[in-house]
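In: Generate a structure from the sequence data that follows.
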Amino acid sequence: MKVSYLVWLILLAVISWQDIREKQIPVPMLVLTGCAGTGIQFFENSVSLGSWFGGVFLGTFMLGVAFITGEAVGYGDGWLILVMGMSLGFAGSLASMLMAFGASALFGGCLLAFKKVKRDYRIPFAPFLFFGSAIYCLMGGIR
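Out: All right, here's what the predicted structure looks like:
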């Protein structure tokens, strides 16, 4: 496993724990993760500059979605996806994000089906990004 993947997963695990406990993503962790992801990519050279910018674009897009939907998707999630782009690049971020959306939809659907929550319940998204990223990283990245 690449060092950048390992660092991303460790930092994302901490962020996920915070998101579960406080339903908030701490800004200092986002900054640390973004700096670490970019720095490691610089030395590891496993993500091209175009892919790095593509990953950042995904996060910027999600920030726009957060704004347009009145935070149906939280700003913290958008920033986290932006930072994920710095660590995994476009393909890794897109794959991880799609797996996270699928897993969160399945989880939320099950909670609703078994009447454990109401329709307006907000699920922390960072743990699902961790799930999607872990699968992506363990598969060695999409080639």
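In: Please name the nearest non-neighbouring residue to residue 132.
Out: In space, and not counting its chain neighbours, residue 132 is closest to residue 99: 3.4 Å by C-beta to C-beta, 6 or more residues apart in numbering. Every C-beta, even on glycine, is put in place using the N, C-alpha and C of the backbone.
In: I'd like to check which residues are in contact with that neighbour.
Out: 128, 131-132, 135-136 (C-beta atoms under 8 Å, 6 or more residues apart in numbering).
In: For this structure, give me the ranges with low pLDDT.
Out: The model of the chain has pLDDT under 70 over residues 142-143.
In: can you map out the strands along it?
Out: With strands called from DSSP state E, the chain shows none.
In: For this structure, give the helix that spans the most residues.
Out: If you go by DSSP state H, the chain has its longest helix at helix 75-113.
In: and residue 37, how many neighbours does it have?
Out: Counted with other C-beta atoms under 10 Å, residues neighbouring residue 37 total 24.
In: Actually, residue 39.
Out: Applying other C-beta under 10 Å, we find 13 residues neighbouring residue 39.
In: Enumerate the positions of the longest helix of the chain that are buried.
Out: Along helix 75-113, these residues count as buried under the neighbour rule (16 or more other C-beta atoms under 10 Å): 76-97, 99-100, 103-104, 108.
In: Residue 20 touches residue 125, doesn't it?
Out: No - contact criterion C-beta atoms under 8 Å: residue 20 and residue 125 do not qualify, at 10.4 Å.
In: Look at these two and report which has more neighbours.
Out: Between residue 20 and residue 125, residue 125 has the larger neighbour count (other C-beta under 10 Å), namely 25 against 12.
In: leaving aside the residues next to it on the chain, what's closest to that one?
Out: Nearest residue to residue 125, sequence neighbours excluded (C-beta to C-beta, 6+ apart): residue 77, at 4.6 Å.
In: I figured the one you found hits residue 66, correct?
Out: Yes - shown here, residue 77 and residue 66 form a contact pair, counting by C-beta under 8 Å, at 7.2 Å.
In: list the contacts for residue 46?
Out: Counting by C-beta under 8 Å, 6+ apart, residue 46 makes contact with 2, 4, 89.
In: quick one, helices of the chain?
Out: Secondary structure of the chain by DSSP H: the helices cover 3-22, 27-44, 49-68, 75-113, 126-138.
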